[in-house]
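[1] Based on what follows, work out the 3D shape:
(chains A, B, C and D)
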There are 2 protein chains.
Amino acid sequence: MTQTSTHSSAMSLALNERARQLLKFVVERYIRDGQPVGSRTVSRDSSLDLSPATIRNIMADLEEMGLVASPHTSAGRVPTAHGYRVFVDSLLTVRDLGETEVRNLRHQLSPAGEPKRILETASAMLSEITALAGVVMVPRREQVASRHVEFLGLAQNRVLVIMVTNEKEVQNRIIHTSRPYTQSELQQAAGYLNEAFTGRDLAAMRQGLVEEMQATREHMNQLMIAALEMVSESSDSEGDYVLAGQTNLMNYAEMSNVERLRQLFEAFNRKRDILHLLDQSLRANGIQIFIGEESGYDVLDECSVVTAPYTMEGNVVGVLGVIGPTRMHYDRVIPIVDVTARLLGAALNQTR
Amino acid sequence: MTQTSTHSSAMSLALNERARQLLKFVVERYIRDGQPVGSRTVSRDSSLDLSPATIRNIMADLEEMGLVASPHTSAGRVPTAHGYRVFVDSLLTVRDLGETEVRNLRHQLSPAGEPKRILETASAMLSEITALAGVVMVPRREQVASRHVEFLGLAQNRVLVIMVTNEKEVQNRIIHTSRPYTQSELQQAAGYLNEAFTGRDLAAMRQGLVEEMQATREHMNQLMIAALEMVSESSDSEGDYVLAGQTNLMNYAEMSNVERLRQLFEAFNRKRDILHLLDQSLRANGIQIFIGEESGYDVLDECSVVTAPYTMEGNVVGVLGVIGPTRMHYDRVIPIVDVTARLLGAALNQTR
DNA sequence: GGTAGCACTCTATTCAGTGGAGTGCTAAAG
DNA sequence: CTTTAGCACTCCACTGAATAGAGTGCTACC
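    Numbering: from 1, shown residues only, chains lettered A, B, ... in the order given. Modelled structure (predicted):
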């Protein structure tokens, strides 16, 4: 109703300390109980020593700034996405993990076993200790080096290409060729590739092959092109992730709407949107938090996503994190995601 | 209240034709509308030309036999699991698929691409056309034959074992050895295995290796044992399945209870129970239907599972099917599952 | 600026009342 | 003996009113 500002203090974007403490209490309490928190509660339980009436005044200011909102006239206040943002950015006191907890996690994430398996473990760990959904992007390496190539002839002009990269991953693919190749031809081709390009990364390999092909006649290049395409395709593919503990999300009251839940799960299956979000975190360098509508995806409206990139040999190769309701325990979740990212990087490096 | 039988007709387990027709109508109508069906409705809409009162009498008989039940005194009747059973076994008239539909399905399930991919397509197809959850067990082959073995030495006494089986699947695994092997040792071992056992199934391979080892000194057997274990492990492993369209289940009213939904989804993730159920169908030989509580698993109380085994080269190697609410369109679902099983078998055979 | 008081709003819950759907039983009709 | 009409009864789903409780905004006072 008032067109001009009545309270200059309410309009100033900088919160005074008291208002900040109030916001902090409201967010913490709402995270704890899931109920709108009213002025009485704050006056009674918070360290602020103020009457409900005063609290109400400050609350009104916070509401005007868009940090809290009330579901209806006579309910308490609930943090908005913006409110959570301020809370997370400048009010939160994270509780670091204890030594024993870290040791515990490291133990579970032992570098034995295949890389894919380690990712799954990490995802399961995240979901288990946070009681949210855990997500781990599979590492995308810029430098994929060929370690070994093998061709196996199948029936009907088809060849099974097997390529071992970076000492770990085994990729395979069936290609169709225009003519049958003999076993010795295949061996010769594989032998050539292995001799010339073992240990060299795929960009170099492609480059080398193109030059080679221009220089010589196009002898048996079909195989090599196919092999190359296979790997470059899978290396610059869309990416993928391992999800765990989706069902945890069903325990939260804000997810009790089956229709919304369905949409969320479909987004998980579709993968595209989630991947896009993780990709953004890949480019950032540190813990990243998307709160509610900030993510830009409707299905994540009531959700927050906390991510951290993880590294192999100093390079960021992937992202992991958790997905849960906006009303999550950021103070616990953030360090957990942080530590897990470090541990995963370490575990992956050790297997090399 | 009555200890002795009052109506002998009500107690006779054999339903007369009229009662059967009534049951049929009730089940069909309930499947269509999801609402308890009352005597008025039957009298009005069914081909039986009887008054509501008569219908009520027959309904009471059906209820006494446990074929229908009423949620409360003044609601209509709802089929019980037992009622569905009778319906499915002896009242159902399945609507076979049209030529064009079958052609359509066959087209989608083209044998190009990797086997795993074909399974995923089949599962997605099932879920899409039935609007239920589709499930396809990965084939378990008794006769896994070695096609090619390769050893690659890694750092720190570790060896990457790659085995190509049955011309298609590529298995790989890292094993830890007690001492480092040179590249030539590895090549020699692989060469020996390939020469001696290519094309022979794994049982024979194991047998042969054991004999060999007893005859000679235990030279480099560690590698071979590892290779063998790897494959036999993966071949007689618990089994696995590909699930699609779980989210479809969230659309059904009987699944609106979030807690039950959670338990169901956890069962999907856990895989054990579902696999056990599929395993049973593997032993049976034809379409198999588990209705509600029949499955023996609490989480599937309100669900039915329709399965059909599929074959490769005449042998049953797996099972596929759908999972949905007991209130599903059996007349459509059954032929779809049936046809898909046949098409999947055909597609898998063609890729060999 | 902080506080007390007060009128007001909105929700959630309870309760009674009502209409409708459907049943079981009984007695009569076929 | 089977079928049907009639009737009393039960239960649910819905409505509207009443109520208690929580919380607010505003105003006036300290």
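[2] now for the host helix or strand of residue A:280, which elements pack on it?
    In this structure, residue A:280 sits in helix A:272-283 according to DSSP states H and E. Using 3 or more Cβ pairs under 8 Å, 6 or more residues apart in numbering or on different chains; DSSP states H and E, the elements in contact with helix A:272-283 are strand A:133-137, strand A:241-244, helix A:258-270, strand A:288-291, strand A:303-312, strand A:315-325. For glycine as for every other residue, the C-beta is placed from the backbone atoms N, C-alpha and C.
[3] Buried residues of that helix, list them for me.
    Neighbour-count burial for helix A:272-283, counted by 16 or more other Cβ atoms under 10 Å in any protein chain shown, picks out A:273-275, A:277-278, A:281-282.
[4] can you redo those residues as JSON lines with pLDDT and distance to DNA strand D?
    Shown next, in JSON lines, are the buried residues of helix A:272-283 (pLDDT from 0 to 100; distance: Cβ to the nearest atom of the strand, whole Å):
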{"residue": "A:273", "pLDDT": "96", "distance to DNA strand D": "35"}
{"residue": "A:274", "pLDDT": "97", "distance to DNA strand D": "36"}
{"residue": "A:275", "pLDDT": "96", "distance to DNA strand D": "40"}
{"residue": "A:277", "pLDDT": "96", "distance to DNA strand D": "34"}
{"residue": "A:278", "pLDDT": "96", "distance to DNA strand D": "37"}
{"residue": "A:281", "pLDDT": "93", "distance to DNA strand D": "35"}
{"residue": "A:282", "pLDDT": "91", "distance to DNA strand D": "41"}
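[5] can you redo the residues you listed as CSV with distance to residue A:194?
    Below are the buried residues of helix A:272-283 laid out as CSV (distance: Cβ to Cβ, whole Å):
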residue, distance to residue A:194
A:273, 41
A:274, 38
A:275, 34
A:277, 40
A:278, 35
A:281, 37
A:282, 32
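[6] can you tell me which of these are up against DNA strand C?
    Among these, no residue lies close to DNA strand C (Cβ under 7 Å from any atom of the strand).
[7] Which single one of those residues is nearest to residue B:266?
    Among those, residue A:274 lies closest to residue B:266 (Cβ to Cβ), at 20.8 Å.
[8] and the closest one, what does it touch?
    A:135, A:241, A:267-268, A:323 (Cβ atoms under 8 Å, 6 or more residues apart in numbering or on different chains).
[9] Then residue A:258?
    Taking Cβ under 8 Å, 6+ apart, we find residue A:258 in contact with B:250, B:255-256, B:258, B:261.
[10] Can you tell me the centre-most residue of chain A?
    Among the residues of chain A, residue A:320 comes closest to the average C-alpha position under Cα atoms, centre = their mean, at 3.9 Å.
[11] Report pLDDT for that residue.
    Note for residue A:320: predicted pLDDT of 98.
[12] With residue A:292 instead?
    For residue A:292, the pLDDT comes out at 95.
[13] re earlier: out of the contacts of residue A:258, which end up buried?
    Neighbour counting with 16+ other Cβ under 10 Å marks B:250, B:255, B:258, B:261 as buried within the contacts of residue A:258.
[14] can you list those residues in a markdown table and add distance to residue B:53 and pLDDT?
    As requested, the buried ones among the contacts of residue A:258 are exported to a markdown table (distance: Cβ to Cβ, whole Å; pLDDT from 0 to 100):
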| residue | distance to residue B:53 | pLDDT |
| --- | --- | --- |
| B:250 | 41 | 94 |
| B:255 | 36 | 81 |
| B:258 | 42 | 89 |
| B:261 | 41 | 93 |
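[15] Just the closest of these to DNA strand C, please.
    residue B:258 (18.0 Å; Cβ to the nearest atom of the strand).
[16] quick one: that closest one and residue A:249, what's the gap?
    Noted for residue B:258: a distance of 10 Å to residue A:249, by Cβ to Cβ, to the nearest Å.
[17] so how far is chain B from residue A:278?
    Distance, residue A:278 to chain B, using Cβ to the nearest Cβ, to the nearest Å: 21 Å.
[18] Ok, residue A:144 next?
    Distance from residue A:144 to chain B, by Cβ to the nearest Cβ: 16 Å.
[19] For residue A:203, see how far away that residue is.
    9 Å.
[20] and the two? which has more neighbours close in?
    When residue A:144 and residue A:203 are compared on other Cβ atoms under 10 Å in any protein chain shown, the one with more neighbours turns out to be residue A:144, at 21 against 14.
[21] Please tell me I have it right and that one contacts residue A:202.
    Yes. With contact defined as Cβ atoms under 8 Å, residue A:144 counts as touching residue A:202 (4.8 Å).
[22] Give the closest residue to the residue of the stretch 201-350 of chain A found nearest DNA strand C in space, chain neighbours not counted.
    Nearest residue of the stretch 201-350 of chain A to DNA strand C (Cβ to the nearest atom of the strand) works out as residue A:253 at 12.2 Å. Closest residue to residue A:253 apart from its sequence neighbours, by Cβ to Cβ, 6 or more residues apart in numbering or on different chains: residue A:34 at 5.9 Å.
[23] Now do the same contact list for the one you found.
    Applying Cβ under 8 Å, 6+ apart, one finds that residue A:34 lies in contact with A:253-254, A:327.
[24] Put together CSV for those residues, with pLDDT on each row.
    Converted to CSV, the contacts of residue A:34 look like this (pLDDT from 0 to 100):
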residue, pLDDT
A:253, 80
A:254, 83
A:327, 95
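[25] and those residues as a markdown table, adding neighbour count and secondary structure?
    Shown next, in a markdown table, are those (neighbours: other Cβ atoms under 10 Å in any protein chain shown; DSSP: H, G, I helix; E, B strand; the rest coil):
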| residue | neighbour count | secondary structure |
| --- | --- | --- |
| A:253 | 11 | helix |
| A:254 | 15 | helix |
| A:327 | 22 | coil |
